[in-house]
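>>> Have a look; sequence and predicted model below, questions after that.
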Amino acid sequence: MRKKTFSFLFLTAFIAPLLLNAEEKNYNNYGIKIGGFIKNDFFYDSRQTVAAREGHFLLWPAEPSRDIENNDINEASSFNFLSIQTRLNLAVSAPDFFGVKTSGLIEGAFFGHSNHDINGFRLRHAFVKLEWENSELLFGQFWNPLFVTSSFPDVVSFNTGCPFQPFSRNPQIRLTQKAGNFDIIAAVLSQRDFANIGPAGASSSYLRNSGIPDIHFQAHYTIDEPDAGSQFIFGGGAAYKKIIPELVTEEDYRTNAAVAGITYMGFAKAKFQPVTIKAQYLLGQNGNDLLMPGGYGISEITDAEKGTVKYSPTQTRAYWLDLHTNGEAFQFGVFCGLSENLGATKELVEGTEITGLGTEIKSLYRIAPRMVLNSGKARFALEFEYTGANFGSIDISEERKGIPVNTEEVSNLRILFGVYLFL
């Protein structure tokens, strides 16, 4: 399979220039443009971390783990050199579809699907887009709408501000309607690589079995002032998601108990000639599919004999702020983030557990200054990412909403050096 993947990429590199020539000759307005970049990351961590792909995608420092002498095993440094963020994309221009402007994008990277598949080619985006004068319809895999593509952190780390910034790509149908300075966005999503966690681990089946897609609605407002070299964008929205964790109880009775949750989001971006400032606020329920802490617990046992229950999602509140200068050759920036565990929406049943990601974390914070040097198509970037986490125990008899108690703070300093070459 891997040989076939590389053969496809090899052939694409030679076929694409021919297709570009065809575009120049205006053969039905069809063409393919190759893009992407080569990136090499060199990083050091002062502590063991919770991360994906051999430490590359960093979430937070690892929870304390004690040996027989009460020493913290995870208080140990590490380093790694990786090139797996290197990516390729093909932007496709196509003939009009019944008079509608048509385009598409395919993008992948060598990030793999798991640690066992690291270096493997992985699909990131694959969509078809139809455009009218004031409307746009997208079909395919693209960023989750909670990841606002016009305003996200410009950090060096591949985590892009995660877990304070929502991070997920989803198969979807998305409608964008323009009305003056407003963009109204409505979307329905499924899950693929980023899925909720349940009894069988992370799986898209919990959302699929609910019979209802992940539903999003947003409104963005843009003010462009090109003469002053400034731009202002702000907006917000909400998302509704329902999952069915299991179809049968441990006692072998059919069940359709659901975990339903609403996520609210607001963002703002102000771009001036010298600096750009971005910020986002999010209040999410059961948001572990966005690589943010969250999950659900049991709020009621409806039938002890059959094992049927009711669930309540946990809530996470997150903020982030990103500021950077706008110099062409040199840029300085800093990212700050804060995340808080607000517990379940209802009191939970004593003796039960919470299912999810990072549910033992009461709060997280991060500050990450960076320096970026650009020259032509090359970039050299240095970032210092300091992340602190307050870990505790989940004692539902003491804290009925499952907020961790008896917390202990640990931290990690990542020093990251990135080298890019843009195609």
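Happy to help now that I have it. Numbers count the residues shown, from 1 in each chain.
>>> Quick one: low-confidence residue ranges for the stretch 1-150 of the chain.
Within the stretch 1-150 of the chain, the segments meeting pLDDT under 70 span 1-28.
>>> any idea where the helices of the protein begin and end?
2-24, 205-208 (DSSP state H).
>>> Check what pLDDT the residue lying closest to residue 241 once chain neighbours are set aside gets.
Once flanking residues are discounted, residue 241 sits nearest to residue 214: 4.6 Å by Cβ to Cβ, 6 or more residues apart in numbering. The way it works is simple: take the backbone N, C-alpha and C, and place the C-beta from them, glycine included. We have a pLDDT of 98 for residue 214.
>>> what residues are up against residue 214?
By Cβ atoms under 8 Å, 6 or more residues apart in numbering, the contact set of residue 214 is 170, 188, 189, 190, 191, 207, 239, 240, 241.
>>> What about those residues, which are in strands?
Members of these lying in strands (criterion: DSSP state E): 170, 188, 189, 239, 240, 241.
>>> Could you tell me which of these count as buried?
Among these, those buried by neighbour count (16 or more other Cβ atoms under 10 Å) are 170, 189, 239, 241.
>>> Return the member of those residues nearest to residue 223.
residue 239 (25.4 Å; Cβ to Cβ).
>>> what separates that closest one from residue 233, distance-wise?
Distance, residue 239 to residue 233, by Cβ to Cβ, to the nearest Å: 19 Å.
>>> and what of residue 82?
Taking Cβ to Cβ, one finds residue 82 at 33 Å from residue 233.
>>> Also residue 384?
Going from residue 384 to residue 233 by Cβ to Cβ gives 28 Å.
>>> pLDDT for the contacts of residue 214 - can I get that in TSV?
Compiled in TSV, the contacts of residue 214 are given as follows (pLDDT from 0 to 100):
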residue	pLDDT
170	98
188	98
189	98
190	98
191	98
207	98
239	98
240	98
241	98
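>>> want to try CSV for the residues you listed, with distance to residue 126 as columns?
CSV is the format used below for those (distance: Cβ to Cβ, whole Å):
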residue, distance to residue 126
170, 12
188, 17
189, 14
190, 13
191, 15
207, 19
239, 22
240, 25
241, 22
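>>> hey, what's the residue lying closest to residue 333 once chain neighbours are set aside bridged with?
Once flanking residues are discounted, residue 333 sits nearest to residue 324: 3.1 Å by Cβ to Cβ, 6+ apart. Listed beta-bridge partners, residue 324: residue 276, residue 333 (assigned using DSSP bridges).
>>> Pull the number of nearby residues for residue 309.
For residue 309, the neighbour count with other Cβ atoms under 10 Å is 20.
>>> can you check residue 135 too?
By other Cβ under 10 Å, the residues close to residue 135 number 13.
>>> can you check residue 154 too?
17.
>>> What residues does it make contact with?
276, 322, 324, 333.
>>> Check the gap between the spatially most central residue of the chain and residue 361 for me.
Compute the mean C-alpha point of the chain, and by Cα atoms, centre = their mean the closest residue is residue 167, 0.7 Å away. To residue 361, residue 167 is 17 Å away according to Cβ to Cβ.
>>> about what we covered before: could you save the ones in strands among the contacts of residue 214 as a markdown table and add columns showing distance to residue 180?
What follows is those, written out as a markdown table (distance: Cβ to Cβ, whole Å):
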| residue | distance to residue 180 |
| --- | --- |
| 170 | 29 |
| 188 | 25 |
| 189 | 27 |
| 239 | 25 |
| 240 | 27 |
| 241 | 30 |
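>>> Show me which pair in those is furthest apart.
It's 170 and 240 that sit farthest apart of these, by Cβ to Cβ, at 14.3 Å.
>>> rewinding a little: which one of the contacts of residue 154 is nearest to residue 370?
residue 333 (5.0 Å).
>>> Is the closest one in contact with residue 382, as I believe?
No - judged on Cβ atoms under 8 Å, residue 333 makes no contact with residue 382 at a distance of 11.1 Å.
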